[in-house]
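Asks: fold the following.
(chains A and B)
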Amino acid sequence: MALRFSDIVEEARLSARALKDYGDHFFHPTVRLGVTGLSRAGKTVFITALIRGLTRGGRFPVFEPLASGRIARARLEPQPDDAVPRFDYENHVKTLVEARRWPNSTVDISELRLVIDYQRPNGADRTLTLDIVDYPGEWLLDLPLLNQSYEQWSSQSLALSRQLPRERLAAPWHAYLATLKPQEPADEQAALAAARLFTDYLGACRDERFAMSLLPPGRFLMPGNLAGSPALTFAPLDLPADGVAPEGSLWAMMVRRYEAYKDVVVRPFFRDHFSRLDRQVVLVDALAAFNAGPAALVDLEAALAGILDCFRIGRSTFISSLFRPRIDRILFAASKADHLHHSSHDRLEAVLRRTVSGAVARAADTGADIDVVALSAVRATREAQVQRGRDKWPAILGTPSSGEIADGEAFDGSTEVATFPGELPGDPEQLFAGNGAFAGLSTAAAEQTDFRFLRFRPPQLESADAQGPALPHIRLDRALQFLIGDRLQ
Amino acid sequence: MSERTSHRKPTTFKLDDPRVMVISADDTSRPSRGTVQVTPEADPALLPVLVETPVEPSMRRGFRWGTVFWSAIAGLTLLGVGLGITGLIEDLFAKSEGLGFLGLGFAFAAALALSAVAAREAFGLMRLSSIEKLHRRAAAVLLSDDRRESRDIVQDLVKLAHQNPHLARARAALQGHAGDIIDGADLIRLAERELMTPLDQEARRLVSQAAQRVSILTAVSPRALIDVLFVLLASLRLIRQLARLYGGRPGTLGMIALMRHVIGHVAITGGMAASDSLVQQVLGHGIAAKLSQRLGEGILNGLLTARLGLAAIDVTRPLPFTALPRPALADLAKDLLRKRDVEEG
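Replies: A predicted model of the protein is given here:
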C-alpha cells in the first residue's frame, strides 16, 4: 500500500511522543510493561499477583533481585496518564483473598505505576519505575485492520464465518445478509440490524463451548462508551469482487463507518498506548481451547499470529528508542498451569511454543527475545496421585466454582474434588492434526471429550501477618525475571 | 493413532464421596477394594530450595588495584630478566662467537619452552573456569527450570565427557534423551545420574584410598614434620586426580587456584562438619585412640584428608549434587575405620 499523508503524520506524532518519553526516562528509568491476552486469559489476576508479590515480597526464588534481597521496597504511585483508568488493585486483592472469587474481567485499558527502589550488584542505589498497562487482547486483533480496506476485511470476515463450526452460529446473520443489497441506498435500520446480528454471532463464537479467539473488531464485544455509535454500527457485506461503492449506497456507508472505527478506536489506542510499550506479556488460555476442540485451537493459533504481527519487535538501540520504540522482550504465558499436574506443564509449554513458533523464528532475526512459559499467577490447586485398583492418575485437588459441571454433576462451589483433566500428548503436532485431532465440547457430548478443565475457586489462604497472605503461584518469578530482571541489574 | 488407545479420559472424584479416601504419602496400609485413594503430593514450589553456596564470591568490587600491582611487578621482573639475558649474550659474543651462538640457542629454547608452559597453564585455567561456570549455570537452571539453558548445559557436558572414553555409553544414553520434552531441572538431574554416577564412584574410591594411605603413613612416621609434608603431598595429588577425573586438567597455576578454592570451601563448610561427624567419629573410636595415641592421630589425619577430598569433589564436579547423594564424611570414615579395625583385629 502506498504511503499516505495520514500515515506520515501518524509516524511523526509517534516519533515526537517517543522523543518526549525518552527525555523523561533519561532521569527516571521506566519500563512500560504491557499485559494482554484474550478475554478470560487471566490478565487481571496476573497483574494483581505481580504487584502483590513485588510490594509485599512473595516467594520468588528465580526472580534474582528480590531473592537476593537487592530490592529494598516497591510502592504504588499515581500513574502518569490522566485519561486512563487506574488498575483497581486493592479491590481485586480483596475479591481474591476474602471473597475467594476471581476479579471481574478486563473490559477497558487500565494502568498502574509501581516504583521499585533497589541496589545494583555493585551497591549503587537506583529506582526503576514500572508502568503496567492492562488492555484487552481483542483490541490487538483490531490493529491489522489499520492496513486493510473495508472490502478486504469484509471478504475475510465472510470467508471465516463460513467455516465450521462458525457457520452454524452465523446462520441468522447469513440469512439476513442475503437480503441486503450493497448497491442500494443506505438504510440506517438495515445497518443496525446487520451490526446487531454480526455482534450476536461474534458473541456466540466466544461461548465456552466453542472458545473462538479470532473475532475482530474487538470493540463489538466490549463497546464501552461507544455502544450504539455509528462507528460501531457496521458489518461485512457480500460485495462483488471488484467495483467501487456507489455514492449514497449502503456499501458507501459501511466503508465510511469502518474508516471511522479505525480513526476513533484503533489509531488512538495504537498511538497512545500500544506503540509506547517496552515489554509485553501475552497471556494465553490454551486450556479453554482444549475444552472446546481442535477448531478453537487452530483459531487461537491464527489469533496469536495476528497479535504478533502487530508488535514492533526488535532489539532496542539508541536511535530506535529516540524515534521508534520497540518491544524487545515478549513473553507468551500459558496461564492457568495450576489446572494441570506439574508433569504436564512442559507439554503445555510445548503446545504454546508450537503455536507461536513462526513468531519466535521471526523474532530471532530482529534480535528481540521471546520466551514461552506455563505459569499460574495465583495457584488455586494442589497436586495429588489418585489410585483406583491398578489405575493411577496424576491429579489436582481444588474447589470448582459453583455451576461447573463434570461427569454430569454440577458443583456447588464448596466441594473439593480431585480431577484428572486429560492427557496432553508428548508431541504437540498431534493436537493440530485437523478437525478429528481430539474431541472437544464443540463437536462431542460432554462425557466424550478428551479434556475437561474445570474452573477452580481461588485458594483458601491463611493470613499470618497484618499484610495478608502471600499468593501462591507457579513460575510467576520466572516470568518476572525474564520481563524486568535485566533492568534491575 | 496408536497413542489414542492409551489415551486416558478426564476423570473427576469428589472428595466427600464415601468411596474416596484421602491418605497421606507415607501410609502404606493396603487399600480396601473398590475405593479410590487420593494421595496429596508435597508442593514442589514449597520444598526447600537447594541453593549452592557459591564456590567463590563472584562480586567484583570496583577497580582491581591488586591485579594491576602484580601485573606491573611481573612486567618489570620480566624486563629485568630479559635485560640480563641480553647482556649475558652480548658478553658471550664479546668472548667468542661460538659461545655467543650457543647462548643465543639456549635463550631461544628457554623462550620457546616458557611460552609452551604458559600456554598449557592458560589452557588448564580456562578449562577449570569453564567447569566452574558450568557448575554455576547448572545450579541456576535447577532453580529456574529453563529448558533452553538446560539443553545448552547438557551439550557442553557431553562435550566435556567426550574426553573420558569410559563414559561413551552414558553419553549415548543421554543424547538419546536430547529430543524429549523434559523439564529443565529434570534434564540436569538426568544428566547427573547418567554421567556422574561412575565418576562419583571413582572419586569416592580415590578419596578413601588417599585417606587410608595418609592415616597409615602418619601412624608409623617418626616426625610431625614428615606427617605434615606427607599430608600436603597426598592432598595435592588427590586434588589433581579428582580434577582430572571430572574433566579439568589443571597445570601448576590451576592447582594453586584449585587449592585456594578447596581450602576456601573447607573453611565455609568446615565448622559444621567438625562439630558433628568428625568429632563423633573420633570420639566413637576413642578406644582405638586410647590403645595408641599415634593410631588416633593417624585416623584424624586420614579424616582430614577425606574432608579435603570431599571439598575438592564439590569444587571440581561440573554439576551440583541434586539427584545423587553427596558423599558424606561418615561413609568415608566408616571405610577408613573398618579397614583399620580389620588390620587391628
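Asks: now what about the helix or strand hosting A:R32, what contacts it?
Replies: Assigned by DSSP states H and E, A:R32 belongs to strand A:30-37. The contact list for strand A:30-37 (Cβ atoms under 8 Å, 6 or more residues apart in numbering or on different chains) reads A:21, A:24, A:43, A:46-47, A:128-137, A:139-140, A:273-274, A:276-285, A:307, A:327, A:335, A:483-484, A:487. Every residue, glycine included, has its C-beta placed from N, CA and C.
Asks: what is the burial count for the residue of the stretch 51-200 of chain B found nearest chain A?
Replies: With Cβ to the nearest Cβ, the shortest gap between the stretch 51-200 of chain B and chain A falls at B:S144, namely 4.6 Å. The number of residues packed near B:S144 is 21, by other Cβ atoms under 10 Å in any protein chain shown.
Asks: please apply the same query to A:L141.
Replies: Neighbours of A:L141 using other Cβ under 10 Å come to 21.
Asks: and the nearest residue to it once chain neighbours are set aside, which of the three is it?
Replies: Distances taken as Cβ to Cβ, 6 or more residues apart in numbering or on different chains put A:P216 closest to A:L141, at 4.5 Å, once the chain neighbours are dropped. Classification of A:P216 using DSSP: H, G, I helix; E, B strand; the rest coil returns coil.
Asks: for chain B, see how far away A:P216 is.
Replies: Here A:P216 is placed at a distance of 32 Å from chain B (Cβ to the nearest Cβ, to the nearest Å).
Asks: how near is that residue to B:L242?
Replies: As judged by Cβ to Cβ, to the nearest Å, A:P216 and B:L242 stand 64 Å apart.
Asks: so which of these two has more stuff around it?
Replies: Legend: neighbour count by other Cβ under 10 Å for A:P216 and B:L242, higher for B:L242 (27 against 24).
Asks: ok, the more buried one touching B:I313?
Replies: Yes: at 6.0 Å, B:L242 counts as touching B:I313 under the criterion of Cβ atoms under 8 Å.
Asks: was I right to think B:I299 contacts B:S215?
Replies: Yes: in this structure, B:I299 is within contact of B:S215 by Cβ under 8 Å, at 5.5 Å.
Asks: and the helices in the stretch 101-250 of chain B, which stretches?
Replies: With DSSP state H, counting those that start in this stretch, the ranges of helices along the stretch 101-250 of chain B come out as B:147-161, B:168-176, B:184-191, B:197-220, B:224-245.
Asks: could you dump those to JSON lines with mean pLDDT?
Replies: Formatted as JSON lines, those follow (pLDDT from 0 to 100):
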{"stretch": "helix B:147-161", "mean pLDDT": "84"}
{"stretch": "helix B:168-176", "mean pLDDT": "79"}
{"stretch": "helix B:184-191", "mean pLDDT": "81"}
{"stretch": "helix B:197-220", "mean pLDDT": "86"}
{"stretch": "helix B:224-245", "mean pLDDT": "85"}
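Asks: just these: most buried one?
Replies: Burial of those is given as mean neighbour count (mean count of other Cβ atoms under 10 Å in any protein chain shown); helix B:184-191 ranks first at a mean of 22.
Asks: got the angle for that one vs helix B:147-161?
Replies: 20 degrees (axes from the mean of the first three to the mean of the last three Cα atoms, to 10 degrees).
Asks: so what does helix B:184-191 touch, helix or strand wise?
Replies: helix B:97-144, helix B:147-161 (3 or more Cβ pairs under 8 Å, 6 or more residues apart in numbering or on different chains; DSSP states H and E).
Asks: could you rerun that using 10 Å?
Replies: helix B:97-144, helix B:147-161, helix B:168-176 (3 or more Cβ pairs under 10 Å, 6 or more residues apart in numbering or on different chains; DSSP states H and E).
Asks: give me the contacts around that helix.
Replies: Helix B:184-191 is contacted by residues A:343, A:346, A:478, B:44, B:137-151, B:153-154, B:157-158, B:161, B:170-171, B:173-174, B:177-178, B:180-183, B:318-320, B:322-324 when judged by Cβ atoms under 10 Å, 6 or more residues apart in numbering or on different chains.
Asks: next helix or strand past the lowest-mean-pLDDT helix or strand in chain A?
Replies: Within chain A, no helix or strand scores below helix A:318-323, which has a mean of 65 by mean pLDDT, DSSP states H and E. Once helix A:318-323 ends, the next helix or strand along the chain (criterion: DSSP H and E) is strand A:329-334.
Asks: which positions within that following strand qualify as buried?
Replies: Within strand A:329-334, the residues scored as buried using 16 or more other Cβ atoms under 10 Å in any protein chain shown are A:R329, A:I330, A:L331, A:F332, A:A333, A:A334.
Asks: do stretch A:373-389 as well
Replies: Quick answer for stretch A:373-389 (16+ other Cβ under 10 Å): A:373-388.
Asks: can you check stretch A:253-268 too?
Replies: For stretch A:253-268, a neighbour-count test (16+ other Cβ under 10 Å) marks A:253-258, A:260-262, A:264-267 as buried.
Asks: the residue nearest to A:L141 and B:F230: what is the separation?
Replies: 81 Å.
Asks: before we move on, what about A:R56?
Replies: Using Cβ to Cβ, A:R56 is found at 58 Å from B:F230.
Asks: how about A:G218?
Replies: Using Cβ to Cβ, A:G218 is found at 80 Å from B:F230.
Asks: returning to what we had before: now, which of the buried residues of stretch A:373-389 lie within strands?
Replies: Per DSSP state E, strands hold the following members of the buried residues of stretch A:373-389: A:V373, A:A374, A:R382, A:E383, A:A384, A:Q385, A:V386, A:Q387, A:R388.
Asks: and the second one, what does it touch?
Replies: Right, A:A374. By Cβ under 10 Å, 6+ apart, the contact list for A:A374 reads A:284, A:286, A:332-338, A:340, A:342, A:344-352, A:474-475, A:478.
Asks: one more pass at 8 Å, please.
Replies: A:A333, A:A334, A:A337, A:L340, A:H345, A:D346, A:L348, A:E349, A:L352, A:I474, A:R475.
Asks: repeat that for the fifth one.
Replies: Under the criterion of Cβ under 8 Å, 6+ apart, the contact list for A:A384 reads A:A395, A:I396, A:L397, A:A418, B:V38, B:T39, B:P40, B:E41.
Asks: how far does whichever strand or helix holds the third one sit from the chain's center?
Replies: So the one you mean is A:L397. Element membership for A:L397 (DSSP H and E) is strand A:391-398. Distance of strand A:391-398 from its chain centroid, counting by Cα atoms, centre = their mean, to the nearest Å, is 29 Å.
Asks: in its sheet, what does it sit against?
Replies: Using DSSP bridges, the strands paired with strand A:391-398 are strand A:382-388 (antiparallel), strand A:417-420 (antiparallel).
Asks: let me know the average pLDDT across the following helix or strand past it.
Replies: Where DSSP H and E defines the elements, the next helix or strand beyond strand A:391-398 is strand A:405-406. Average pLDDT, strand A:405-406: 77.
Asks: packing partners of strand A:405-406?
Replies: By 3+ Cβ pairs under 8 Å, 6+ apart, strand A:405-406 packs against no helix or strand.
Asks: count the residues that sit near the closest residue to A:T36 other than its chain neighbours.
Replies: Spatial nearest neighbour of A:T36, excluding adjacent residues (Cβ to Cβ, 6+ apart): A:G137 at 4.6 Å. By other Cβ under 10 Å, the residues close to A:G137 number 22.
Asks: then the one 5 residues further on?
Replies: A:D142 is flanked by 22 other residues according to other Cβ under 10 Å.
Asks: from chain B, how far off is it?
Replies: For A:D142, the distance to chain B (Cβ to the nearest Cβ) stands at 33 Å.
Asks: output the below-cut-off pLDDT ranges for the stretch 1-150 of chain B.
Replies: Low-confidence regions of the stretch 1-150 of chain B, defined here as pLDDT under 70, cover residues B:1-7, B:25-33, B:42-62.
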